[in-house]
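Colleague: Just need the structure, nothing else, for what follows:
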Amino acid sequence: MGRYLLRRLAFLVVSLAMASVVLFVLLRLLPGDPANALTSVGAGPEQIAAARHSIGSDRPLPEQFTHWLGQLACGDLGTSFVSSLPVGPEVTARLNVTVPLTLAAFVLAVLVAVPVGFLAAHKRHTWYGALLSGVSQLGMAVPVFWLGMILIAVFALNAGWLPAGGFPQDGWAAPADAVRSLVLPVVTIALVMSASLIRYVRSATLDVLGSDHLRTARALGASFPAAMWRHGLRNASVPVISVLGIELASTLLGAVVVESVYALPGLGSLLATGIAQHDYPVIQGVLFVSTLAVLLIGFVADLVQRIIDPRLRGRLSGGAR
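Modeller: Residues are numbered from 1 along each chain as shown. Sure, this is the predicted structure:
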């Protein structure tokens, strides 16, 4: 396991380095000049050249990239071209919204998808089993922004139970208001995510229900709940864990849509502002942190799979020898 962890960590570092190169190059290939955001309309060539010099965009690309890597090595995400403020603290402040939003939606989606997916598989020949499968298929086709607007209209504008958007000025210093402002965004993401997860849980459960080891356990006298708990749950959870990691990563990256609908000051809105202003340090900082989070999620999901599934541990031990 130690060798495996070292290999996975090395792979994570290499993947992060490659992503940094791709991110840096693609940003410089996009149309637009970041100096335009620092100058007024109708600025002359001298003013634009001075703005480029002040932000360092007139330096050769290898020099810019080396400077950025040096900053990353010191834990510095750079300084915004527009606000002249450090990007790191701004990203951290936005994570205080995006991370609770993503994790709460993920937990809620799992709590809904696991029992519903199991029931849809176990009772697949009944009318309500077919209904659950149909509803999950329909939920996957619903655009998240459309669902968000429906929830705002019903629970915020008409009922007045919850705020339509925004986040408290004091942030988590006002926990009750912060939680209320995240209820609708969390439900919006969780409903869409659970619709997708239900299909995967149902598929994994069907594979286990038709497996030889479950039939053997039942033939030896084990009850269905006991056989599922001892022999089915672990086998069904292995493929689902991989999907959970993908869903969590995609939710983190896709939070920009929900944050826009609910006007939340998260990573998504910071990224959108950075793109509009051609603020390279802000864009690079947000995407670098997001990439790191995605790689860490994949690493943890892979590790959990090997802890749960003894077949993967055996394959790992064989490779180590």
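Colleague: How about the contacts made by residue 12?
Modeller: With contact taken as Cβ atoms under 8 Å, 6 or more residues apart in numbering, residue 12 is in contact with 295-296, 299. The way it works is simple: take the backbone N, C-alpha and C, and place the C-beta from them, glycine included.
Colleague: For residue 256, which non-adjacent residue is closest in space?
Modeller: Excluding the flanking residues, the one nearest residue 256 by Cβ to Cβ, 6 or more residues apart in numbering is residue 268, at 2.9 Å.
Colleague: Touching, that neighbour and residue 97? I think so.
Modeller: No: counting by Cβ atoms under 8 Å, residue 268 stays clear of residue 97, with 9.3 Å between them.
Colleague: Spit out the residues that contact these two alike.
Modeller: residue 259.
Colleague: May I see the buried residues of the helix or strand hosting residue 113?
Modeller: Per DSSP states H and E, residue 113 falls inside helix 87-122. Within helix 87-122, the residues that count as buried by 16 or more other Cβ atoms under 10 Å are 87-88, 90-91, 94-95, 97-98, 100-102, 104-106, 108-110, 112-114, 116-122.
Colleague: again with stretch 121-131
Modeller: Buried-residue list, stretch 121-131, by 16+ other Cβ under 10 Å: 121-122, 129.
Colleague: Format those as TSV; extra columns: pLDDT and distance to residue 150.
Modeller: Converted to TSV, the buried residues of stretch 121-131 look like this (pLDDT from 0 to 100; distance: Cβ to Cβ, whole Å):
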residue	pLDDT	distance to residue 150
121	82	29
122	79	31
129	77	27
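Colleague: Mind putting the residues you listed into a markdown table with distance to residue 76?
Modeller: Below are the buried residues of stretch 121-131 laid out as a markdown table (distance: Cβ to Cβ, whole Å):
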| residue | distance to residue 76 |
| --- | --- |
| 121 | 50 |
| 122 | 53 |
| 129 | 54 |
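Colleague: between those residues, which is nearest residue 275?
Modeller: Closest to residue 275 out of the buried residues of stretch 121-131 is residue 121 (42.5 Å), distances taken as Cβ to Cβ.
Colleague: Touching, that closest one and residue 200? I think so.
Modeller: No: here residue 121 does not reach residue 200: they are 10.8 Å apart, not a contact under Cβ under 8 Å.
Colleague: Name the residues contacting each of the two.
Modeller: With Cβ under 8 Å, 6+ apart, residue 121 and residue 200 have no common neighbours.
Colleague: Which other helices and strands does the helix holding residue 113 contact?
Modeller: helix 127-140, helix 175-209, helix 233-261, helix 267-276, helix 280-308 (3 or more Cβ pairs under 8 Å, 6 or more residues apart in numbering; DSSP states H and E).
Colleague: and the next element down the chain from the first one?
Modeller: Spelled out, it's helix 127-140. helix 144-151.
Colleague: got the buried residues for that following helix?
Modeller: Those would be 144, 147-149, 151, for helix 144-151 by 16+ other Cβ under 10 Å.
Colleague: ok, those vs residue 290, which is closest?
Modeller: residue 144 (17.7 Å).
Colleague: Now do the same contact list for the residue lying closest to that closest one once chain neighbours are set aside.
Modeller: Closest residue to residue 144 apart from its sequence neighbours, by Cβ to Cβ, 6+ apart: residue 192 at 5.0 Å. Listed by Cβ under 8 Å, 6+ apart, the contact set of residue 192 reads 139-140, 142, 144, 147.
Colleague: out of those, which one sits closest to residue 303?
Modeller: residue 140 (28.5 Å).
Colleague: Give me the pLDDT value at the closest one.
Modeller: Looking at residue 140, its pLDDT is 81.
Colleague: And it, how far from residue 104?
Modeller: Per Cβ to Cβ, to the nearest Å, residue 140 is found 21 Å from residue 104.
Colleague: OK, contacts around the closest residue to residue 289 other than its chain neighbours?
Modeller: In space, and not counting its chain neighbours, residue 289 is closest to residue 91: 5.6 Å by Cβ to Cβ, 6+ apart. By Cβ under 8 Å, 6+ apart, residue 91 lies in contact with 77, 267, 270, 285-286, 289.
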